[in-house]
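Next input, structure requested:
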Amino acid sequence: VLWEPVDRKLPPVRLLTSQAAALAGQRLLIRVDGWSETSRWPEGHLERTIGPVGDRATETEVILIEHDVAHADFSPAVHQCVPPLPWVVSPTDLAQRGRVDLRHLPVCSVDPPGCKDIDDALHVRQLPNGHWEIGVHIADVTHFLQPDTPMDAEAMSRATSTYLVQRRIDMLPKPLTEDICSLRGGVERLTFSVLWEVNDEAQILGTTFTKAVIKSRAALSYQQAQEMIDDPTKTDELTESLRVMNRLAKIMRKRRAELGALQLASPEVKFELEAPVPILDKDGNVVVAVVEEEKEKSGKSDAEEEEGKEHKSEVETNNNNNNNN
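Below you'll find the predicted structure:
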């Protein structure tokens, strides 16, 4: 029988089988064995049956196989690299050289509803000199992901997490991404943080990079954060910090636009399968813009820091060469 590949750019494959009737209507994984000069079609053999055509799980696996996305369960060796649960910050973690205690700050995270792998959080507070301190805190995954370990090799192989409509293929085991390194509300977590001192015009006066320990006050959804900002009866520290962050982020975004920043934002939707309202759109929420602006600033500062290090290295190399001459 001839079997049509999912990819229409590929030719049909001649499959030698006595089970043609049983395989009808099934997605198959076929390996091509060869293509004779005298044959119009390549020949192959059946490796396995994936599942019925049109079935959600089957079609999802077809997409993953077609794009060579590693999606097998993590091996026991990889899981052994993850600290046992429940995990808590230890005195040794707190005493780690260069790690700063920021658990007193009004930190919170803002993410889509239902987010479990909370990998970043924000804060803003007023400094004694009247300026503002803005912080972006990124989960310190590298504290647990040690080089030359099975987990390191697996993460290198997968390269990234893959997001489908109803499923996420993780780069790292869930106990790490959804618990130990998830910046959930009310628990202490290790982070790599960038802190800026800014004035009322949102001009950056100083930047600090540091490893830290935080304790998020709340894990908010975009809608929850927006409601806090809009509610005039709320005057608690966390709500006021969100309002200040919103004001400063608007100034920064306006300044970037005036300098010719390229805006690549596009509508982002989330599907709720088998729900009365199937599509959720996060656009139009000002909190989304705040979070995106702070993340953009974090990436920009990090890039500038690395560029400064490279420039310093070049200068030192040139000076050494001149001295040798």
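
Find me the pLDDT at Asn320, would you?
We have a pLDDT of 56 for Asn320.

so who does Pro84 touch?
Counting by Cβ atoms under 8 Å, 6 or more residues apart in numbering, Pro84 touches no other residue. From N, CA and C alone the C-beta is placed, and that goes for glycine too.

Could you verify that it is part of a strand?
No. Counting by DSSP: H, G, I helix; E, B strand; the rest coil, Pro84 is not found in a strand; it is coil.

quick one: secondary structure of the residue located most distally from the centre of the chain?
Farthest-out residue of the chain from its mean C-alpha position, per Cα atoms, centre = their mean: Thr38, at 50.7 Å. What three-state DSSP gives for Thr38 is coil.

Distance of it relative to Asp170?
From Thr38 over to Asp170 the distance is 47 Å, taken as Cβ to Cβ, to the nearest Å.

I'd like the next helix or strand past the helix or strand harbouring Val62.
Using DSSP states H and E, the element containing Val62 is helix 56-66. Toward the C-terminus, helix 56-66 is succeeded by helix 76-79 as the next helix or strand (DSSP H and E).

Using PDB, list the CA coordinates for that following helix.
Coordinates of each C-alpha in helix 76-79 appear next as PDB, following Å, rounded to 0.1, in the frame of the first residue of the first chain:
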ATOM      1  CA  PRO A  76      15.700   8.700  36.600                       C
ATOM      2  CA  ALA A  77      19.200  10.100  36.300                       C
ATOM      3  CA  VAL A  78      17.800  13.500  35.400                       C
ATOM      4  CA  HIS A  79      15.300  13.400  38.300                       C
END
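
who does that helix touch, helix- and strand-wise?
In terms of contacts (3 or more Cβ pairs under 8 Å, 6 or more residues apart in numbering; DSSP states H and E), helix 76-79 is packed against helix 150-158.

quick one: buried residues of the helix it packs on?
151, 154-155, 158 (16 or more other Cβ atoms under 10 Å).

Which other helices and strands does the helix holding Val62 contact?
strand 26-34, strand 43-52.

Not counting residues beside it along the chain, what's closest to the spatially most central residue of the chain?
Centroid-nearest residue in the chain, with Cα atoms, centre = their mean: Asp119, separated by 6.8 Å. Closest residue to Asp119 apart from its sequence neighbours, by Cβ to Cβ, 6 or more residues apart in numbering: Ala139 at 4.6 Å.

What is the burial count for Ala20?
11 (other Cβ atoms under 10 Å).

confidence score at it?
pLDDT, Ala20: 86.

How much space separates it from Leu2?
Ala20 is 10 Å from Leu2, where distance means Cβ to Cβ.

Look up the residues that both of these two are in contact with.
Counting by Cβ under 8 Å, 6+ apart, nothing touches both Ala20 and Leu2.

wait, Leu248 sits on Trp196?
No. Taking Cβ atoms under 8 Å as the definition, Leu248 is not a contact partner of Trp196, at 9.6 Å.

which stretches of the protein aren't confidently modelled?
264-325 (pLDDT under 70).

try 90 this time
1-4, 6-8, 15-22, 112-116, 163-168, 222-223, 249, 252-325 (pLDDT under 90).

all helices for it, in order.
For the chain, applying DSSP state H gives helices covering 20-23, 56-66, 76-79, 91-94, 150-158, 174-175, 222-230, 237-258, 286-324.

related to what we said a few turns ago, give the buried residues for the helix holding Val62.
Going by 16+ other Cβ under 10 Å, helix 56-66 has these buried residues: 59-62, 64.

now swap in stretch 198-205 and tell me
198, 202.

what does stretch 225-234 give?
Across stretch 225-234, burial judged by 16+ other Cβ under 10 Å covers 225-226, 228-229.

Could I get the residues you listed in CSV, plus columns for distance to Gln203?
What follows is the buried residues of stretch 225-234, written out as CSV (distance: Cβ to Cβ, whole Å):
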residue, distance to Gln203
Ala225, 25
Gln226, 26
Met228, 27
Ile229, 23
